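*Asks:* Quick one: sequence and predicted model below, then my questions.
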Amino acid sequence: MKMRMGVAAISALMIASGSFAADRGPVTNLPMPRFVSLKAAEGNVRRGPSLSHRIDWVFKRRNMPLQIVAEHGHWRRVEDRDGAGGWVHYTLLSGVRTVLIEQDMVPLYKIADVNSPVQAHAEAGVIARLGKCAGEWCRVTADGSKGWVKRSSFWGMMPGETRE
């Protein structure tokens, strides 16, 4: 008889046995949680970490930022901005960092200063490629427009995270 364990039970068992540090993935040894993006135009989100698990839904936005919260073999448990998630095969994910603009008509400034010229505006829901971050400002690229935005205007970075 096969026994199924939930993610929380597996994680608790691995922590109790010392199988991995709480801040590192047991498979990749990369920081956990961490952000990645959806490489494919579509990605099946499964109830568990195998092809035999039911598909709960399909992510349909290429480059969408996702947060990896667990690892199991070739599978990564991911969550989107709303906390919805499931298991995705690692080949559907990319290390390219993107962010989701959360506020409407966010100005992209020429430099990291609200008094600098505005290069463009990004609507809520736009996915932008994440560049360098300095303090509360990050450089992003969206649909060919580049500029600096405040970190508070997007989702896709850990609190206190820095980027060169």
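*Replies:* Okay, I see it. Residues are numbered from 1 along each chain as shown.
*Asks:* now the helices for this structure?
*Replies:* Remark: helices assigned in the chain by DSSP state H are 7-17.
*Asks:* Work out which residue lies at the spatial centre of the chain.
*Replies:* Geometric centre of the chain, nearest residue: Leu66, 2.6 Å, by CA atoms, centre = their mean.
*Asks:* Give me the distance between the residue nearest to that one when sequence neighbours are not counted and Lys150.
*Replies:* Once flanking residues are discounted, Leu66 sits nearest to Val78: 4.2 Å by CB to CB, 6 or more residues apart in numbering. (C-beta placed from N, C-alpha, C; glycine too.) Counting by CB to CB, to the nearest Å, the gap from Val78 to Lys150 is 25 Å.
*Asks:* Comparing the two, which residue is more hemmed in?
*Replies:* Remark: of Val78 and Lys150, Val78 carries more neighbours, 26 against 16, as counted by other CB atoms under 10 Å.
*Asks:* quick one: the more buried one and Pro65 touch, right?
*Replies:* No - using CB atoms under 8 Å as the test, Val78 is too far from Pro65 to be in contact (9.8 Å).
*Asks:* Pull up the overlap in contacts between these two.
*Replies:* When CB atoms under 8 Å, 6 or more residues apart in numbering defines a contact, the residues bordering Val78 and Pro65 alike are Val36.
*Asks:* Contacts only, for the residue nearest to Leu66.
*Replies:* Here Val78 is in contact with Val36, Val45, Leu66, Gln67, Ile68, Val69, Gly85, Gly86, Trp87, Val88, Leu93 (CB under 8 Å, 6+ apart).
*Asks:* Pairing partners for it in the sheet, please.
*Replies:* For Val78, the beta-bridge partners are Ile68, Gly86 (DSSP bridges).
*Asks:* Okay, it and Asn44: tell me how far apart.
*Replies:* 12 Å.
*Asks:* now Ser152
*Replies:* Distance from Ser152 to Asn44, by CB to CB: 33 Å.
*Asks:* The two: who's more crowded?
*Replies:* Applying other CB under 10 Å to Ser152 and Asn44 shows that Asn44 carries more neighbours, namely 18 against 9.
*Asks:* wait, that one sits on His53?
*Replies:* No - between Asn44 and His53 there is no contact under CB under 8 Å: 9.7 Å.
*Asks:* between these two, what contacts are shared?
*Replies:* In contact with both Asn44 and His53: no residue, using CB under 8 Å, 6+ apart.
*Asks:* thinking again about what came up before, please name the residues that touch the residue nearest to the centre of the chain.
*Replies:* By CB under 8 Å, 6+ apart, the neighbours of Leu66 are Phe35, Val36, Ser37, Leu38, Phe59, Val78, Glu79, Asp80, Gly85, Val88, Leu93.
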